[in-house]
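Peer 1: A predicted structure for the sequence below; I have some questions about it.
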Amino acid sequence: MADYIIAIDQGTTSSRAIIFDHGGSIIATGQKEHEQILPRAGWVEHDALEIWRNVQEVIGIALAKADLTRHDIAAVGITNQRETAVVWDKRTGQPVYNAIVWQDTRTQAIVDRLATEGLGTERYKGIVGLPLATYFSGTKIAWILENVDGARERAEAGDLIFGTTDTWVLWNLTGGTDGGVHVTDVTNASRTLFMDLETLQWREDILADFGVPLSMMPEIRSSSEVYGTAEDSSLLRETPIAGILGDQQAATFGQAAFEKGESKNTYGTGNFLIFQTGEEIVHSRNGLLTTVGYKLGDQPARYALEGSIAVTGSLIQWLRDQVGLISSAPEVEKLAASVEDNGGVYVVPAFSGLFAPYWRPEARGAIVGLTRFANRGHIARAALEATAFQTREVLDAVNADSGVDLEELKVDGGMTANDTLMQFQADMLGVPVVRPVVAETTALGAAYAAGLAVGFWSDLDELRANWQEDARWEPSDDVAERERQLRLWKKAVTKSFDWVDDDVN
């Protein structure tokens, strides 16, 4: 048998290919960023063709770095930015519009229109586990059909198909216009607003409410099975593509958090805390989402609660690219460490409204508590601390919904390299924060799903044995200071509310 698995991680800011060995260690990585297209306030787009070109390139980079060929690769796993929507012509392979990114808020009018009927934003929540929000794919597909010339007619004629970026990559990798496989997995399907959590099938009545033809939708399959093989022109020719997991579910899988009560928090473009609920569908009463955690082949689906935070790592990117406060992301820790505390400054990064636990689409970003004393260091520190405060609020919601307080938090993602942030996170949670040796758990989870499907790994116990602790941050015992900081943070959050009205974007 071949000795390696390759994972394609199609993320919000870049696409990567990472090769793993049987022990779950990284052998080689290829990575390439793609353009963030920002046509106007609240609009975020990607060029889907650029993403596909980059995916092909990073596969080549990873294979070359490892000095491997397709014969060394047992299977391919795919993980992806989940709610980002691509609509393309299946005859030509050309997207009809840029991919509309999960952060995009242009579809609020569609949300409002659908929410006026029935139960408001919770109209479909009992079926799909999600509130009506611009975050999810459904409203993005509807917007494309309503606003791109000829799109609705072409869709109704059966020429246009939809996919999140896992489906886009899979379709192209398996042949595209020449027999490409049009499939998604249950985790990505559960982020569209269209999948029934119980039946794991598309709801035709909800699709009709959105004006989306069923013919556009990919087939829903499990997270771990062989969907097809790479086309002849690919560097991975004839290699089975055997695993798909949305990025946050993939990170949870990569953390070996498989069972009810286990959880993780990923620090990336946004932050996403997932708490496994096993085979039970738990509907949140505290602002969380109900989603599919994973499904292995013919086994029952496993469900989860999720706290989704829109802006964490992208706030640091904003400080770099839009504000010019830093020239590289790692600089933010040094700048934040130049001051003893935040100097009374709080940054509420509601660039796309507020996600969990508030779900306030009209909120917008705010920097509060400024005085003449405040400097660049205080703003940098407040930006880092915003990530920890938001995570604390989501964890409080998880504890309330589950009835079980977490005893420690497993973490992963790029921001976990920031010791200042991780220590502050532990301080704000009051529980230890633990990082694994392999921090690239998103790609690892996709690799695990693919490897299980082809027998590269035998079972979940073998994957658990791969997990190793790398670092641990213990919380401060200053409870009074923790509560003071949280009180001021919650006060700052209220200052971001009710900003958008009819004449403000």
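Peer 2: Looks like it arrived, so ask away. Since this is a predicted model, take the numbers as computed values, not measurements.
Peer 1: top helix in the protein by residue count?
Peer 2: Secondary structure of the chain per DSSP state H: the longest helix is helix 376-402.
Peer 1: what's the following helix or strand after it?
Peer 2: Sequence order places strand 409-412 as the next helix or strand after helix 376-402, per DSSP states H and E.
Peer 1: Need the contact partners of that following strand.
Peer 2: 251, 254-255, 257, 263-267, 395, 422, 425, 429, 431-436, 439-442 (C-beta atoms under 8 Å, 6 or more residues apart in numbering). Placement of C-beta: from N, CA and C, glycine included.
Peer 1: So what touches the helix or strand hosting A250?
Peer 2: For A250, the host element (DSSP H and E) is helix 247-254. Here helix 247-254 makes contact (C-beta under 8 Å, 6+ apart) with 9, 11, 79-82, 187, 223, 245, 262-264, 266, 268, 272, 274, 276, 291-294, 304, 306, 412-413, 438, 440-449.
Peer 1: When you filter those down to buried only, what's left?
Peer 2: Among the contacts of helix 247-254, those buried by neighbour count (16 or more other C-beta atoms under 10 Å) are 9, 11, 79-82, 187, 223, 245, 262-264, 266, 268, 272, 274, 276, 291-294, 304, 306, 412-413, 438, 440-449.
Peer 1: ok, back up a step: give the other helices and strands that the longest helix of the chain contacts.
Peer 2: Contacts defined by 3 or more C-beta pairs under 8 Å, 6 or more residues apart in numbering; DSSP states H and E place helix 376-402 against strand 263-267, strand 271-278, strand 302-309, helix 313-318, helix 331-336, strand 346-348, helix 419-429, helix 479-494.
Peer 1: of those, which approaches A208 most closely?
Peer 2: Closest to A208 of those is strand 302-309 (C-beta to C-beta; 25.8 Å).
Peer 1: Paired strands for that closest one, with orientation please.
Peer 2: Strands that pair with strand 302-309, judged by DSSP bridges, come out as strand 271-278 (antiparallel), strand 289-294 (antiparallel).
Peer 1: Let me know the average pLDDT across it.
Peer 2: The average pLDDT within strand 302-309 is 92.
Peer 1: just stretch 376-385 next, same as before
Peer 2: On average, the pLDDT along stretch 376-385 is 94.
Peer 1: on that earlier part again, format the helices and strands packed on helix 376-402 as TSV; extra columns: distance to N399.
Peer 2: TSV is the format used below for the helices and strands packed on helix 376-402 (distance: least, C-beta to C-beta, whole Å):
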stretch	distance to N399
strand 263-267	10
strand 271-278	9
strand 302-309	11
helix 313-318	24
helix 331-336	28
strand 346-348	22
helix 419-429	10
helix 479-494	14
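Peer 1: Relative to L119, which of these is closest?
Peer 2: Closest among the helices and strands packed on helix 376-402, using C-beta to C-beta: strand 302-309, at 20.1 Å.
Peer 1: With only the CA atoms kept, save the closest one in CSV.
Peer 2: Coordinates of the C-alpha atoms in strand 302-309 are reproduced here as CSV (Å, rounded to 0.1, in the frame of the first residue of the first chain):
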residue,chain,number,x,y,z
ARG,A,302,-22.8,12.3,14.4
TYR,A,303,-24.1,15.8,15.2
ALA,A,304,-22.6,18.8,17.0
LEU,A,305,-23.3,22.2,18.4
GLU,A,306,-21.2,25.0,16.9
GLY,A,307,-20.4,28.5,17.9
SER,A,308,-19.3,30.5,14.8
ILE,A,309,-17.4,33.7,15.2
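Peer 1: How about the contacts made by K264?
Peer 2: Per C-beta under 8 Å, 6+ apart, neighbours of K264: 251-252, 255, 257, 273-274, 409-412, 441.
Peer 1: Just among those residues, which is most surrounded?
Peer 2: Among the contacts of K264, the one with the most neighbours (other C-beta atoms under 10 Å) is T252, at 34 neighbours.
Peer 1: This completes my enquiry, with thanks.
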